[in-house]
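Asker: Sequence and predicted structure are below.
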Amino acid sequence: MNGFEKVLNDVDEFCKRVKIKYAVMGGMAVLAHGISRSTDDVDINILVRLEDLSKIGEKIITCFQPLHINPIEFFEKNFVLPVTHSKTGIGIDFAAGLSGFDETAIKRSKKKKFFSLSLPCITIEDLIIYKLFAARDKDLLDLKEIAKVHKEKIDRIYLKDMLVKFAELERTDMEKVFEKIFKL
């Protein structure tokens, strides 16, 4: 097993053991959807309730090395718990899936191949939404590559519905960027 495969395997075993629903997202999801790019960490979206953040955070840091002095406080404030896999040194970001969209994305996840593993991965449409939401330079580059490979295969009705919901939250920029990159 290479380093990333070991990390993903250990995350999967951890989530199964503590009964947390999750999905792989971020750079690993981009790779799983057939886009060639590099990544130096693993992003995991976990389904959790706000009142369970500290309890779940405590479980995470018993298995993975936290990067912050007060990791639970950081998790409760930022809704992400950055840790390191002790055997490989690879970083893992456990993102608290607190929103309705996060819950939908985790529930819609599909099994994808990650090396020899088959793990839940967010769909291409939900990956697009997360990338549009983050809107960092690397996310916009990922979106351009996703458009090249998946433009004709994406569920435009689902995306349009989601983008309308985000526009209601004053994120009209997401729909504009989507239309520009995917040339609708």
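Answerer: Cool, got the structure.
Asker: ok, residue 8 - how many residues close by?
Answerer: Other residues lying near residue 8 total 24 when counted by other C-beta atoms under 10 Å. To be clear about C-beta, it is placed using only N, CA and C from the backbone, and glycine gets the same treatment.
Asker: Neighbours of the residue nearest to it when sequence neighbours are not counted, how many?
Answerer: Excluding its sequence neighbours, the residue lying closest to residue 8 (C-beta to C-beta, 6 or more residues apart in numbering) is residue 114, at 5.1 Å. Using other C-beta under 10 Å, residue 114 has 21 other residues around it.
Asker: Does residue 114 touch residue 24 like I think?
Answerer: Yes. Residue 114 lies in contact with residue 24 (C-beta atoms under 8 Å); the separation is 6.9 Å.
Asker: Spit out the residues that contact the two alike.
Answerer: Applying C-beta atoms under 8 Å, 6 or more residues apart in numbering, one finds that residue 114 and residue 24 are jointly contacted by 8, 32, 121.
Asker: Buried residues, the one helix or strand residue 82 maps to. List them.
Answerer: Assessed by DSSP states H and E, residue 82 sits inside strand 80-84. Judged by neighbour count (16 or more other C-beta atoms under 10 Å), strand 80-84 contains these buried residues: 81-84.
Asker: How about residues contacting it?
Answerer: With contacts defined as C-beta under 8 Å, 6+ apart, strand 80-84 is touched by 57, 60-61, 64-68, 71, 74-75, 90-96.
Asker: Mind checking which of these land in helices?
Answerer: 57, 60-61, 71, 74-75 (DSSP state H).
Asker: Run through the strands of this structure in chain order.
Answerer: 22-25, 41-47, 65-66, 80-84, 91-97, 110-114, 117-121 (DSSP state E).
Asker: Tell me the helices and strands packed up against the last one.
Answerer: Put plainly, it is strand 117-121. helix 3-17, strand 22-25, helix 26-32, strand 110-114 (3 or more C-beta pairs under 8 Å, 6 or more residues apart in numbering; DSSP states H and E).
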